[in-house]
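Chemist: Next input, structure requested:
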Amino acid sequence: MSSEGKSLQGRVAIVTGASRGIGRAIAESLAQRGADLALVARNEEALNETRALAEQSGVRALTLPLDVSDADAVKGAVEQVTAELGGLDILVNNAGLTRDGLLMRMSEEDWTQVLDVDLKAVFYFCRAAARPLRKSAHGRIINVSSIVGIIGNAGQANYASAKAGLFGLTRSLAKELGGKGTTVNAVAPGFIETDMTASLPQEIRDNSLKSIPVQRLGVPRDIAEVVGFLCEDGAAYVTGTVLPVDGGMSLGSVG
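Modeler: Here you go, the predicted model:
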């Protein structure tokens with residue numbers, strides 16, 4: 001990409017869950033737009049792979065292997081990013097996990113783990129990043145949720161609750177931070193081809209495809225491009241939104 005096309009040149013972004021799938025695609029997309037990156041996940045080896053891909057675009061990239069549900073680790077990571085990369089302009093909260101099971105069989109541990117990573121960790125990062133983002137002229141927070149938070153899904157009460165909680169957090173922070181020009185939005189991916197969905201039975205995949213008006217499953221790049229747009233100056237007047245990126249899946253069944 002030419003320097004003229006690097007719309008995020010000189011900006012610094014944190015991307016959580018950056019070791020694979022949607023998070024890796026987001027990191028690559030922001031790097032191609034010129035943003036320097038801090039890459040967060042547990043798997044350091046996989047983070048280094050993402051870092052190598054990002055650096056092909058000529059940007060700086062840090063790897064920060066940590067547990068996103070550890071409030072002190074999150075605070076320290078944000079401080080490290082601002083010190084080493086010179087500030088913070090963009091926070092993409094993408095890290096997440098699932099622990100599926102029907103309500104009557106769901107353990108308290110499975111409920112708590114999902115809420116801790118998929119919702120509480122987002123609060124930790126937003127709280128730690130709020131001050132440096134308010135100092136930026138281009139502050140952006142993008143929370144990666146899921147259409148499961150909109151339509152629900154049997155066997156995913158914990159995941160749906162966490163992802164729906166992100167909508168309320170997003171809208172509240174949009175009101176809190178908007179006065180300094182920081183926008184806060186959420187994207188809600190549909191059925192995306194990732195490691196997380198690759199192990200699903202073919203019957204579930206086929207049934208999901210029937211409910212998608214565009215008649216294909218999504219790929220990580222579909223999400224990454226929307227996140228990239230929300231980080232750019234052209235989206236400066238977009239805040240407090242929940243944007244489904246699902247091929248129309250959340251509209252209901254086709255036919």
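Chemist: just for the stretch 51-200 of the chain, where's the confidence low?
Modeler: Filtered on pLDDT under 70, the stretch 51-200 of the chain yields the residue ranges 196, 199-200.
Chemist: Show the residue spans covered by the helices in it.
Modeler: 71-85, 108-115, 121-135, 148-151, 157-177, 195-198 (DSSP state H, counting those that start in this stretch).
Chemist: Around F191, how many other residues sit close by?
Modeler: Neighbours of F191 under the rule other C-beta atoms under 10 Å: 21. Where you see a C-beta, it was placed from the backbone N, CA and C, and this is true even at glycine.
Chemist: Got the phi and psi for it?
Modeler: With angles defined as degrees, to the nearest 10, F191 sits at phi -80, psi 100.
Chemist: picking up where we left off before, so which of the helices of the stretch 51-200 of the chain is nearest T241?
Modeler: Among the helices of the stretch 51-200 of the chain, helix 157-177 comes nearest to T241, with 8.0 Å by C-beta to C-beta.
Chemist: now the closest one: how far from the chain's centre is it?
Modeler: 13 Å (C-alpha atoms, centre = their mean, to the nearest Å).
Chemist: got it, and stretch 107-121?
Modeler: Using C-alpha atoms, centre = their mean, the offset of stretch 107-121 from its chain centre is 17 Å.
Chemist: Endpoints of that stretch, how far apart?
Modeler: With C-alpha to C-alpha, to the nearest Å as the measure, stretch 107-121 spans 20 Å from end to end.
Chemist: Can you give me the buried ones in that stretch?
Modeler: D110, W111, Q113, V114, L115, D116, V117, D118, L119, K120, A121 (16 or more other C-beta atoms under 10 Å).
Chemist: Make TSV out of these and add distance to G179.
Modeler: Formatted as TSV, the buried residues of stretch 107-121 follow (distance: C-beta to C-beta, whole Å):
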residue	distance to G179
D110	39
W111	36
Q113	35
V114	33
L115	30
D116	30
V117	30
D118	28
L119	25
K120	26
A121	25
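Chemist: Which one of these is nearest to G240?
Modeler: Among the buried residues of stretch 107-121, L119 lies closest to G240 (C-beta to C-beta), at 17.8 Å.
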